[in-house]
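**Q** My questions concern the predicted model and sequence given below.
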Amino acid sequence: MIDRVLEMLRRLRSFFRDEQLNHDLDEEIAAHLELAIEENLQRGMTPGEARRQALIRFGGVGQAKERHRDARGLPVLDVLLQDLRYALRTFRRNPGFTLVAILILALGIGANVAVFSVVNTIMLRPLPFPNSQQLTWLASNRGVGALSLVNYKVDVYEELQRHNQSFEQITSYNPFFGNGETKLIGRGEPQPVPGLMIAENFFQTLGVQPEFGRLFLPEEC
């Protein structure tokens, strides 16, 4: 494991020194070729033949450079940077295409962000209650349809409470806002507020405590 980490760090360091390392590699290859050419000249070859034989023995300068770069660097990042440079050159040559591409990317990214936000809120992010993973929603009609099609009558809810042997508590609420007849009083004129009808143990089941005052009592529900 340590060897892999060290190898990755070495490759990452080489990636950011690519220009200098390429320069050093060119000088090293040139020195090897000059030495091989000199040896061939001493054997009586012509300058052209001496260079040709040196290149044959070396195995190809371009291939040697590619093998060396692959061994020391990060080929995936190299390819990515090449693609980015090509894309930037294309964008500079064709501003109209660039504008269309940016608009398409912006729309695609915006749509993905919006969809993820909805999915994250509804499906991924836990509910803001203690032990929310233990909460279960009981729905009729196999959970298909709007809220008006997946709720229970009060007498069915009461039967569920009486015969409950699977859940710590069962509570209920009316999923539809009131008609504005609820009033907030205490200071000044009464203010209409939206409200829902809930069972007496609704907040206890969710593990929610009031910021002020107290929870509802059974006789108040």
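**A** Looks like it arrived, so ask away.
**Q** Show me the contact partners of stretch 191-202.
**A** Stretch 191-202 is contacted by residues 157, 169, 171-178, 180-185, 216-218, 220-221 when judged by C-beta atoms under 8 Å, 6 or more residues apart in numbering. C-beta coordinates here come from the backbone N, C-alpha and C atoms, glycine included.
**Q** Off-centre distance for that stretch?
**A** Its chain's C-alpha centre and that of stretch 191-202 lie 38 Å apart, by C-alpha atoms, centre = their mean, to the nearest Å.
**Q** Give me the buried positions along that stretch.
**A** Residues 199, 201, 202 are the ones in stretch 191-202 that count as buried (16 or more other C-beta atoms under 10 Å).
**Q** could you dump it to PDB, C-alpha only?
**A** What follows is stretch 191-202, C-alpha atoms only, in PDB (Å, rounded to 0.1, in the frame of the first residue of the first chain):
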ATOM      1  CA  GLN A 191     -54.100  36.900  13.000                       C
ATOM      2  CA  PRO A 192     -55.400  34.200  10.600                       C
ATOM      3  CA  VAL A 193     -52.800  31.400  10.200                       C
ATOM      4  CA  PRO A 194     -52.800  28.200   8.200                       C
ATOM      5  CA  GLY A 195     -53.000  25.000  10.200                       C
ATOM      6  CA  LEU A 196     -53.300  21.200  10.100                       C
ATOM      7  CA  MET A 197     -55.400  18.900  12.300                       C
ATOM      8  CA  ILE A 198     -53.100  16.400  14.100                       C
ATOM      9  CA  ALA A 199     -53.400  13.600  16.600                       C
ATOM     10  CA  GLU A 200     -52.400  14.300  20.200                       C
ATOM     11  CA  ASN A 201     -49.200  12.300  20.000                       C
ATOM     12  CA  PHE A 202     -48.100  13.700  16.600                       C
END
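**Q** pLDDT on it, on average?
**A** Average pLDDT, stretch 191-202: 84.
**Q** what ranges do the helices span in the protein?
**A** For the chain, the helices defined by DSSP state H cover 2-16, 18-42, 47-58, 61-72, 75-93, 95-119, 154-162, 202-206.
**Q** From residue 151, how far out is residue 216?
**A** In this view, residue 216 and residue 151 are 20 Å apart by C-beta to C-beta, to the nearest Å.
**Q** Quick one: residues contacting the most far-flung residue of the chain relative to its centre.
**A** No residue in the chain sits farther from the centre than residue 44, which is 65.9 Å out by C-alpha atoms, centre = their mean. Residue 44 makes contact with no residue, according to C-beta under 8 Å, 6+ apart.
**Q** cool, residue 27 as well?
**A** Applying C-beta under 8 Å, 6+ apart to residue 27 gives no contacts.
**Q** Same question for residue 181.
**A** Residue 181 is in contact with residue 192, counting by C-beta under 8 Å, 6+ apart.
**Q** State the distance from it to residue 172.
**A** Using C-beta to C-beta, residue 181 is found at 21 Å from residue 172.
**Q** swap in residue 209?
**A** Distance, residue 209 to residue 172, by C-beta to C-beta: 20 Å.
**Q** Between these two, which is the more surrounded one?
**A** residue 172 (20 against 10; other C-beta atoms under 10 Å).
**Q** Run a quick neighbour tally on residue 54.
**A** Residues lying near residue 54 (other C-beta under 10 Å) number 20.
**Q** what's the pLDDT at it?
**A** On the pLDDT scale, residue 54 is placed at 74.
**Q** Thank you kindly, that will do.
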